Structure formats: C-alpha cells, structure tokens
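S.K.: attaching a predicted model along with its sequence, questions to come.
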Amino acid sequence: MGISSGEAYKQRLRDDRTVYYKGDRIEDVTTHPATRELIDTHADLFDLQHDPEHRETLTYESPLSGDRVSVFYKRPESVEDLVDRRRATRLWHERTGGYAARLNDFLATGVTALAMSHDLFDAEGHQRGENVVRYYEYCRENDLCLTHALIDPQIDRSKGSSFRTEDDVDRPGALRKVADADDGIVVSGARMLATLGPQADELLIFPFGHYGEEEADEALAFAIPIEADGLRLICRPSLSPNDAGNHPLASRMDEMDTFVVFDEVFVPNDRLFVDADVEVANAWRDTAQPAFASHQTVTKDLVKAEFVFGVAVMLAESTGVDEYFHVQSKLGEIAEAANLLNAAVLAAERQATEYRDTGYVVPEYTTLNAALSSFADSYQRFVQILKDIGGSGLVGVPAWEDLDSAPPLGDDVETYFRGKEMAARERLGVQKLAADIAVSGFGGREELYERFHVGGPMRVKANQYKGYPNTEEIKARVRRFGLADVDASADGRDGGGDAE
C-alpha cells in the first residue's frame, strides 16, 4: 500500500470508534467541529508525501514491498540517515509552527525504534520480539497514524508505582490484565492522556515507570485499533474555535487530548508486546525508543522556538519597541534557546553510536534529554516574553470582520490598529498569532504540555543529576585539584609548630 493520502487517512477514521464529546458520542470525527480541523491539518501532511518536490525527503523504498513508505519508518544505519530523519521532521513541523507536537512522525519513529530493539521483548516463555517487528512493518506499509496513553488516572497519587502490597493490591484505576484468553489477554482500567486519540488509527500502550513484582498485571505493552470493542475515549472540551482567521493556531492545531477507558478490552496475541512481565517492562528504558523520541521532539522544539522567535520579533517591530535594548535582550533569550536546541540535535547526531550490535545507529541520548528538560522552562519564558512585548494589546485585538467592514468601522480599525511601518492587516495577523500562543486556552494547554509531556519537571531534572556521565571521575578530579591538602596534617595546614 505505501504512503497514505489525506483522503485515505480520513476514510480510515470513519469507523466504529467510541469517542465521547460533551456527553454525546461523535458519529464521524472527520466532520465533528471538535476534531475535524486537526484531521484536515494532518491530511495535508499525508498528501505532502506525494508532492514530487518533497518525495525524496519524506519517503523511501520499502525493503518489504518496494512501495514508497514514510521515511519516519526507516531504521537508520548512519549519521546521514539521522540527518535525513531530522530534515523530514523539520519539514512536517514547519507546516504547523511546531504546534502539533504529536503528528504521526512521533510514534512512527517510536515503533521504528522498538523494532530496532525487538530482541529485548523476548524472554523465557514470552517470545514477543517478532510481534514488535510485524507490527512495525504493518504500520510502515499502511502509513498508520498512531497515538499512545501512558499515565494512570489521577485518583489517589499517594499510591504510586511500586507501592502495592498484599494488603493494598489496588492502585485505583490502573490499567491491568484481568484475564487470559486462548489467543490473547483481556485488560481493564484507564489511561491518560491520549493526545490525538480521536484523530489516530491505533492506540499504543507502553510501560511507564518501574514495576515491582506485585504489579506484574500492570506490566503491559500492546497495540489496538481505536475502534476496538470496549475502548472508550472521553474528550476534553475543544480549544478550537473553528475560525482560522481569528485563531490561526488554535483552529488548526488542537490535538484533542482524551481519557481512555478499557472495559474488558481483548488484546490479541499478535498485538501483545509485554504480557505481565516485570523484567521486560522495566527494560523498556534500554530500547532505542527514548533516544529516537527525544531526537524527534527536540527537532520539533527547535521549529517551535524559531516560530515563536519570528512572532516575537514581528510583534516588537510592529510598535517599534525592537529598538529598545531590554526588548532586544528578551528576543535574544528566545534566539539563544533556539541556538542551543540546534546545537543539541546536531551534537546528538554527531555522537551517534551503533545500537547493541544491530547495524543501526542511535543518536546520543544524554544531550537530547538535557535539551528536552531545559525546553520545559524555556517555553514558559517564551510565553512571558510575548506577554511583555505585546502587553494589553494582546487582549483587545479586533476581528478580521471589523477590518473588512464598511466605513466607519473598517476605516477605524485600519487607522488605529496600524503599526510602525506596518499596515493594520499585517499587524492584526501578528497579534492574533501572539494571542493564540500567549493568552488563549490553546496557548495555556501548549504551555502545560511543554512542561509535563516528558515527565514532572522536578523528576526530569533529578534524572539529569542521576544520569550524568562520569560523576565519580569528576569527583575524583575535584579531590585531586581542589582538595589536594585535605589529608595534610593540622600542623602543615597551620604553617607548622605551636603558636606562642
């Protein structure tokens, strides 16, 4: 089959999926106002693969079928392959300003990395590596759109992972295996937060955190269609006003977040990657998936930082405040963050290594992880800078309908909303972008997403400390060159002899 078209993607979504929005079941996610706009955006990207101008960047020849398939499914064998992957990611995300973070390149990259790590899914009595490879090939040959859900419901967070005991066997709401079947397993519980849930073909469940032996029933990894029996998706209220002119980002980039309920959902054996196996689930961090997910995400973050930088510069120029040194300094903060993100992804590619004697290469993870951790703070600062530059002007932006109205209204807007050497139409466009980023509900969701999507900020930074390479060597260096006299005698430290 090979690369999908936008229409083929939409047609796949017109299935029997159970998606709820404000109490009602959505009959067709491709036409419902809460979900259709992002689907249209994603469909355009699927179509971009067929554009002769971008064919070589976005596709390659399948080793299985010979068809053109998405380059996001290519297992890299060289640094050049990593560079090609980054260029394709940039191309996709430049079409959205980096504001649709979970486009299909994210989990296409994820399942590709898992296929590179397939032997880690083989254990005594559970030879499931072949399932991983076959699923990867299925996604590649059909160009599927994927989502995932990682987090347990926030019911009682005092009972976190590895806190179950014989007397306390129920972490409320956690997804777990409830039964074995002849040709699969049955699972019940819930997961959050499936971004892109109603707009995807398939749902992936990964292990998350560390599992104790008493949590084996939760140590699962599998894939199922969104339309699977017993699977229910509960949408949050839409952040899209379905008004592309006045809300240029929110109207097109609202990746719907969903709460996922599993009501005795059957998972067939060929879709099962980890089956109540604590050892295999806890080895997830050794797969190539974290490094490749980070490579994709840092590239997206770079595109997003550049986009915000462009909006901030144009916003400052619109009122002439770009001439002020303190504003230039703030713009420089965004430029600095973008430069560091660029340096991180280039460094990770240059320091790529062969992955576990497979012949495939993996980008250097530590640098990418540091970039991800820092971007959570940087993006919050970006938003504050836009607010500082735009000020109260961001909350009183007229509608395009006002500008296009007959006199006197249209003339009023044209006269009083122009900028410094900038017509009212361009200035309003810049203000609407800045308002979408900085003061809208969509913008608030984006800020929270960037802060938490790789984990709680404190935990992420703590892991930077715990995972820093060569800590003991560094401490030894400090002892050699900074504490050289620590073992000297008290007399020697005091200059020798007793004081008279």
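M.R.: Arrived safely.
S.K.: the longest helix in the protein is where?
M.R.: Using DSSP state H, we find that the single longest helix of the chain is helix 289-319.
S.K.: which elements pack onto the next helix-or-strand element following that one?
M.R.: Where DSSP states H and E defines the elements, the next helix or strand beyond helix 289-319 is helix 325-350. With contacts taken as 3 or more Cβ pairs under 8 Å, 6 or more residues apart in numbering; DSSP states H and E, helix 325-350 sits against helix 79-94, helix 289-319, helix 365-390. (Glycine included, C-beta is placed from N, CA and C.)
S.K.: please identify the most buried of those.
M.R.: helix 289-319 (a mean of 23; mean count of other Cβ atoms under 10 Å).
S.K.: for His118, which non-adjacent residue is spatially closest?
M.R.: With sequence-adjacent residues excluded and distances taken as Cβ to Cβ, 6 or more residues apart in numbering, His118 is closest to Gly129, at 3.7 Å.
S.K.: next up, the contacts around the one you found.
M.R.: His118, Asp119, Leu120, Phe121, Asp122 (Cβ atoms under 8 Å, 6 or more residues apart in numbering).
S.K.: let's see that with 7 Å instead.
M.R.: His118, Asp119, Phe121, Asp122 (Cβ atoms under 7 Å, 6 or more residues apart in numbering).
S.K.: need phi/psi at it.
M.R.: For Gly129, the backbone dihedrals (degrees, to the nearest 10) come out as phi -60, psi -40.
S.K.: how near is it to Phe309?
M.R.: 43 Å (Cβ to Cβ, to the nearest Å).
S.K.: quick revisit: which of the contacts of Gly129 tops the neighbour count?
M.R.: Phe121 (25 neighbours; other Cβ atoms under 10 Å).
S.K.: quick one, phi psi at it?
M.R.: Given degrees, to the nearest 10, the pair of backbone angles that Phe121 has is phi -90, psi 0.
S.K.: and it, what pLDDT?
M.R.: For Phe121, the model assigns a pLDDT of 95.
S.K.: residue contacts, it?
M.R.: Residues near Phe121 by Cβ under 7 Å, 6+ apart: Arg128, Gly129, Val132, Phe273, Val274, Val280.
S.K.: a markdown table for the residues you listed, including distance to Val261, pLDDT and secondary structure?
M.R.: Listed next are the contacts of Phe121 as a markdown table, based on distance: Cβ to Cβ, whole Å; pLDDT from 0 to 100; DSSP: H, G, I helix; E, B strand; the rest coil:
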| residue | distance to Val261 | pLDDT | secondary structure |
| --- | --- | --- | --- |
| Arg128 | 25 | 95 | coil |
| Gly129 | 30 | 95 | helix |
| Val132 | 26 | 97 | helix |
| Phe273 | 21 | 97 | strand |
| Val274 | 21 | 96 | strand |
| Val280 | 26 | 94 | helix |
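S.K.: tell me how this protein divides into domains.
M.R.: Domain segmentation of the chain under automatic domain parsing yields 6-156+171-286, 289-474.
S.K.: and Asp55, how many neighbours?
M.R.: Check again: residue 55 is Arg, not Asp. 14.
S.K.: any idea how far it lies from Gly455?
M.R.: Arg55 sits 37 Å away from Gly455, taking Cβ to Cβ as the criterion.
S.K.: mind listing residues that contact the helix or strand harbouring Phe259?
M.R.: Assigned by DSSP H and E, Phe259 falls within strand 257-268. Contacts to strand 257-268, defined as Cβ under 7 Å, 6+ apart, come from residues 149, 175, 178, 181, 183-195, 197-198, 203, 222, 224, 228-236.
S.K.: for stretch 458-475, same thing?
M.R.: Applying Cβ under 7 Å, 6+ apart, the external contacts of stretch 458-475 come out as Thr366, Ala370, Ser373, Val454.
S.K.: which two among the residues you listed are spaced furthest apart?
M.R.: Thr366 and Val454 (14.1 Å; Cβ to Cβ).
S.K.: point out where the stretch 51-200 of the chain drops to low pLDDT.
M.R.: 157, 159-171 (pLDDT under 70).
S.K.: in it, which spans are helices?
M.R.: Taking DSSP state H, counting those that start in this stretch to define them, one finds helices in the stretch 51-200 of the chain at 55-58, 79-94, 104-116, 129-142.
S.K.: got the CA positions of stretch 37-52 in CSV?
M.R.: This file holds the C-alpha atoms of stretch 37-52, laid out as CSV (Å, rounded to 0.1, in the frame of the first residue of the first chain):
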residue,chain,number,x,y,z
GLU,A,37,-9.6,20.7,12.0
LEU,A,38,-6.5,18.8,13.2
ILE,A,39,-7.6,15.9,11.0
ASP,A,40,-7.6,18.3,8.0
THR,A,41,-4.1,19.6,9.0
HIS,A,42,-2.8,16.0,9.3
ALA,A,43,-4.4,15.0,6.0
ASP,A,44,-2.5,17.8,4.3
LEU,A,45,0.7,16.4,5.7
PHE,A,46,-0.1,12.9,4.4
ASP,A,47,-0.7,14.5,1.0
LEU,A,48,2.7,16.3,1.2
GLN,A,49,4.4,12.9,0.9
HIS,A,50,3.0,12.6,-2.7
ASP,A,51,4.4,16.0,-3.7
PRO,A,52,7.3,15.4,-6.2
